[in-house]
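In: Next come a sequence and a model predicted from it.
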Amino acid sequence: MNEPLRVVIGSGRSPHNKGWMHTEESELNLLRNEDWSRKFSADSLKAILAEHVWEHLTYEEGVQAASNCYTYLAPGGYIRCAVPDGFFPNEAYQNIVQIGGPGPLDHPAASHRIVHTYITLQKMFTAAGYQVKLLEYCDESGQFHEFPWDERSGFIYRSKRFDHRNAEGKLGFVSIIADAVKV
């Protein structure tokens, strides 16, 4: 039996996550089950990594995408998801990550359809049947919380530990990072 696969969604062919299958939306669309069924069989994936992808979906599309992924994850498999944090208390950051983005239509943030908080992200994945473990997030008061996580289980650049904008003990850019586990 082959070892379950680990897949990166919307990877931009990142140099990180070596040994993972890197994909782009044109070949594996989160919302098109036919893309998934053409590439994978049920219960065949160990992990799915999506760094700053789910904010390009509405809440309802996010639930649908999580449900599509659920079929192909093996029991105990997970989605490591990172999205911009709606509770991060930084006006410049919130301007960048806002719905519709900060400027021209060709800016990547122009297609943002939701700004998640840890509450909405948890609800979205729970609605699709997952148990959610938060790894990094800001709460309603803007307080940053972090829990140990292993980057070998899915490297997230836009994290407290790895983003170059988080230097000298000051947070400049954070994400909500969560593992949504198939039970």
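Out: It's in. Computed from a prediction, not measured in an experiment: that's the story for all the values here.
In: Now Ala65: closest residue in space, sequence neighbours ignored.
Out: Leu30 (3.7 Å; CB to CB, 6 or more residues apart in numbering). Every C-beta, even on glycine, is put in place using the N, C-alpha and C of the backbone.
In: which ones are touching that neighbour?
Out: Ile9, Ala50, Val53, Leu57, Glu61, Ala65, Asn68, Cys69 (CB atoms under 8 Å, 6 or more residues apart in numbering).
In: could you point out the longest strand in the chain?
Out: strand 73-84 (DSSP state E).
In: Same question for that strand: list its buried residues.
Out: For strand 73-84, a neighbour-count test (16 or more other CB atoms under 10 Å) marks Leu73, Gly77, Tyr78, Ile79, Arg80, Cys81, Ala82, Val83, Pro84 as buried.
In: Now for the closest residue to the fifth one other than its chain neighbours, how many residues are close by?
Out: Right, Arg80. Nearest residue to Arg80, sequence neighbours excluded (CB to CB, 6+ apart): Gly154, at 3.6 Å. Gly154 sits with 25 neighbouring residues when counted by other CB atoms under 10 Å.
In: any idea how far His16 is from Gly154?
Out: Noted for Gly154: a distance of 9 Å to His16, by CB to CB, to the nearest Å.
In: Same question for Lys133.
Out: Distance, Lys133 to His16, by CB to CB: 21 Å.
In: Ser175 now?
Out: If you go by CB to CB, the gap between Ser175 and His16 works out to 14 Å.
In: more neighbours, the two?
Out: Ser175 (26 against 16).
In: quick one, what contacts that one?
Out: Glu51, His52, Ala82, Val83, Pro84, Asp85, Glu136, Ile156, Arg158, Ser159.
In: For it, give the beta-bridge partners.
Out: Ser175 has these beta-bridge partners by DSSP bridges: Pro84.
In: Next up, the contacts around the residue nearest to Ser41 when sequence neighbours are not counted.
Out: Spatial nearest neighbour of Ser41, excluding adjacent residues (CB to CB, 6+ apart): Tyr72 at 7.5 Å. Shown in contact with Tyr72 (CB under 8 Å, 6+ apart): Trp36, Phe40, Ser41, Ala42, Asp43, Ser44, Leu45.
In: Mind pulling up the pLDDT for the third one?
Out: Listed pLDDT for Ser41 reads 95.
In: Now it. Its backbone dihedrals?
Out: phi -100, psi 160 (degrees, to the nearest 10).
In: what's the burial count for it?
Out: Applying other CB under 10 Å, we find 10 residues neighbouring Ser41.
In: try the first one
Out: Taking other CB under 10 Å as the neighbour definition, Trp36 ends up with a count of 21.
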